[in-house]
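**Student:** sequence first, predicted model second:
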Amino acid sequence: MNTTISVASSASAPLSPDECAHARREYALLRRLAVAAIVLSCAVALSLNLVDPDLWGHVRYGQDWLAEGQLPRTATHTFTAIDYPWINHENVAELAFAVGADRLGGTGMLIAKTCWGLAILGLMAVIAHWHHARPLVTWAFLLLVANNLTAFFPLRPQLLSFMCLAWLLVALDRAFANWSDIDHGPTVRWPWLFAVPPIFILWVNSHGAFLAGLCILAAYFGGRCVEAIAIRGWHACGMVLGMAGVGVAALVATLVNPYGVELLKWIVYSLWWPRPEVTEWAAPTLADPVFWPFVMLAGLALGCFTFTTRKRDWTQFAILALVGWQAATHLRHIAVFAILCGFWLPVEVDAIVRRARASMASALPVARLAPWLKQTMVTALIAAIGLQCVGLYQRLSELPVYRHAYPVDALQFMADRDLHGRLVPSFNWAQYAIAALAPAVQVSFDGRYDTCYPQHVIDMNFDFLLGEHGGRRFRAPDSGAIDGRRVLSYRSPEMVLVDRAYPCAEQEMADASAELNSRWVLLYQDAIAQLWGLREVFDDPNSLRYLPPEDRVIHDLIARDAVPWPALPRRYETADTVSRGSPDPAESSTAGLPAHSPPKSSFSGRKG
């Protein structure tokens, strides 16, 4: 960017050509440092090191496939959906996570994930460069895009969807790079479109958002066809047929998956049902960290198409409007909107900045930086780069599992006492329980949701967890009335793991245990979790799985430290995965503690 902003100078006379050249070199240095600081800020935004509840499951299912040498066709690790078909639309992602966990570990996967995100932003920057947008303006805008992606960038299969969408947009940009050619009219560079079907082959086997990709592709081709016909009339028929052929090829490519057309049928059927119980399908609210970044990005997108000096691309505008509407009604679509903006808007932002700069050019001629000001700006930028590096190092050095968020101690308790059998877990903890305790423990429901669970099983588990949920429930017509107790008897569960953040589930167990001849007894409790056991199994001295009262642990204290992911019970772990908050590995265990006493670990005195 050939900046012409006037700054403090020791000379008031106009600069000579040599002095102007030197001034521009000074500004170039500052621009490079600013770009470096912004890129590092983007990396920090993409390095979110919170553990997603489904990460344990993704790794475990990929490991199961590698160990067995074949893809499971029915639900695994569950007692409520035995032999029920499992249509897994995330196979490639789960294989990648399994290999990553084995080869790289938690920290290595964090580093790879951050580099993956920077690669996506890098593709956006390359496209912007090809359209002659300046790096500083581009990366300043991409920092806003990165902040919109932050909440959607834990280690999840969606990461593959984001890259597939990026590749698709690169192919479309290159294929239609000469679309606005004034001299020759709209033309298509067909070799770039030949890459579209292979992208969808990878996408359909990685994550279900390939359907969103198909919709974007159809809308893009539809808009270009309308434009071509408007300009060329019937002479555009060949171009229209060619785009239609590529679209059909992309659709056919989605059949290249282990389930064939059944995957497409399932995903259309699945998306037909509303999901008010799942947060990602809700509309963004003021409490969501991504709310204001999304509002800023949407406002900037609207401003770009309102005030741009370039010829407006109505196809892109229509797609952004549609996806923006979806993002305003469903949180999970904000990431798609951000990626589209990252590819399509930098050149528009740069055009607006150029116009503003041109209006200021006559009033603000090139000037030399005063030495003190240059030194101050360089020092500030280097300090910013250093701080970003420190922050990035801290983010990437650990993937913590916080004991006040996940039932680390409860699962350790179960492992220490060899508690096994059929478990009703809290939804967000189910895949952690599978990774920690399978095959000794089978769950009633987990984050695989309707890929391998029938709707009536989903409904009864959410009945227990959420109850009426303020009337925001959607249930199958054959699931009957809401009944929080049904899951406690369906196919004879033997244990219940309650997340105490859900008062409905905690109250259901309290009521069930207070009944005359109650079937449930409390085996473990801390500030975040309760573990209940079937009385005839765990409270009968004649039972082989009897757990004496002195071996039960019940308290209301809360642990504030963390253990490195995967935070599995120590009988499955190596010594280096013990929490840094405990100097002695034995201190984080509940084994050998007297009844009604807290484990010897870093608990605060606050009640749950």
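**Tutor:** Perfect, thanks for sending it. Numbering: from 1, shown residues only.
**Student:** any idea of the mean pLDDT for the host helix or strand of residue 299?
**Tutor:** Counting by DSSP states H and E, the secondary-structure element that holds residue 299 is helix 291-307. Per-residue confidence for helix 291-307 averages out to 94 on the pLDDT scale.
**Student:** who touches that helix?
**Tutor:** The list of residues contacting helix 291-307 from outside it, by CB atoms under 8 Å, 6 or more residues apart in numbering, reads 141, 144-145, 147-148, 150, 284-285, 312, 317, 320, 324, 327-328, 334, 337-338, 341, 345, 348-349, 352. All C-beta atoms are positioned from the backbone trio N, CA, C, and that covers glycine.
**Student:** equivalent analysis for stretch 109-124, please.
**Tutor:** Residues from elsewhere that reach stretch 109-124, judged by CB under 8 Å, 6+ apart: 39, 42-43, 46-47, 49, 97, 100-101, 104, 138, 142, 145-146, 149, 153, 155, 159, 162-163, 166-167, 169-170, 339, 342-343, 346, 392, 395-396, 399.
**Student:** kindly report the same for stretch 501-509.
**Tutor:** By CB under 8 Å, 6+ apart, the list of residues contacting stretch 501-509 reads 426, 464-467, 484-485, 488, 496, 498-500, 520, 528, 530, 532.
**Student:** make it 10 Å
**Tutor:** Residues external to stretch 501-509 that are found in contact with it (CB atoms under 10 Å, 6 or more residues apart in numbering): 405, 424, 426-428, 461-469, 483-485, 487-488, 496-500, 510, 518, 520, 522, 528-530, 532, 608.
**Student:** got the buried residues for that stretch?
**Tutor:** Of the residues in stretch 501-509, those with enough neighbours to count as buried (16 or more other CB atoms under 10 Å) are 502, 504, 505, 508, 509.
**Student:** what would these look like in TSV with secondary structure, distance to residue 91 and pLDDT?
**Tutor:** Conversion of those to TSV gives the following (DSSP: H, G, I helix; E, B strand; the rest coil; distance: CB to CB, whole Å; pLDDT from 0 to 100):
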residue	secondary structure	distance to residue 91	pLDDT
502	coil	31	97
504	helix	34	97
505	helix	32	97
508	helix	36	97
509	helix	36	97
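**Student:** can you put these in TSV and add distance to residue 454?
**Tutor:** Below are these laid out as TSV (distance: CB to CB, whole Å):
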residue	distance to residue 454
502	22
504	22
505	21
508	22
509	24
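**Student:** residue 286: what secondary structure?
**Tutor:** On the three-state scheme (DSSP: H, G, I helix; E, B strand; the rest coil), residue 286 is labelled coil.
**Student:** show me what contacts it?
**Tutor:** 292, 295.
**Student:** thinking again about what came up before, which among the contacts of stretch 109-124 count as buried?
**Tutor:** When these are checked for burial by 16+ other CB under 10 Å, the buried set is 39, 42-43, 46-47, 49, 97, 100-101, 138, 142, 145-146, 149, 153, 155, 159, 162-163, 166-167, 169-170, 339, 342-343, 346, 392, 395-396, 399.
**Student:** so which of those are in strands?
**Tutor:** Taking DSSP state E as the definition of strands, the buried ones among the contacts of stretch 109-124 contribute nothing to them.
**Student:** report how many residues lie close to residue 264.
**Tutor:** The burial metric for residue 264, expressed as a neighbour count using other CB atoms under 10 Å, is 18.
**Student:** any idea how far residue 212 is from it?
**Tutor:** Here residue 264 is placed at a distance of 14 Å from residue 212 (CB to CB, to the nearest Å).
**Student:** what sits against residue 437?
**Tutor:** For residue 437, the residues meeting the contact criterion (CB under 10 Å, 6+ apart) are 77, 411, 414-415, 418-421, 423, 425, 443, 568-569, 572.
**Student:** which residues does the spatially most central residue of the chain contact?
**Tutor:** Residue closest to the mean C-alpha point of the chain, counted by CA atoms, centre = their mean, is residue 152 at 3.1 Å. When the contact criterion is CB under 10 Å, 6+ apart, the partners of residue 152 are 46, 48, 158-159, 161-162, 280, 290, 331-336, 338-339.
**Student:** and the least confident of these?
**Tutor:** residue 280 (83).
**Student:** dihedrals phi and psi, residue 70?
**Tutor:** Geometry field for residue 70 lists phi and psi as phi -150, psi 150, criterion degrees, to the nearest 10.
**Student:** helix or strand right after the helix of greatest length in the chain?
**Tutor:** Counting residues, the longest helix found in the chain (DSSP state H) is helix 17-46. Later in the chain than helix 17-46, the nearest helix or strand by DSSP H and E is helix 55-68.
**Student:** mind giving me the packing neighbours of that next one?
**Tutor:** In this structure, helix 55-68 packs against helix 91-103, helix 105-130, helix 430-437, with contacts taken as 3 or more CB pairs under 10 Å, 6 or more residues apart in numbering; DSSP states H and E.
**Student:** 7 Å instead?
**Tutor:** Under the contact criterion of 3 or more CB pairs under 7 Å, 6 or more residues apart in numbering; DSSP states H and E, the helices and strands touching helix 55-68 comprise helix 91-103, helix 430-437.
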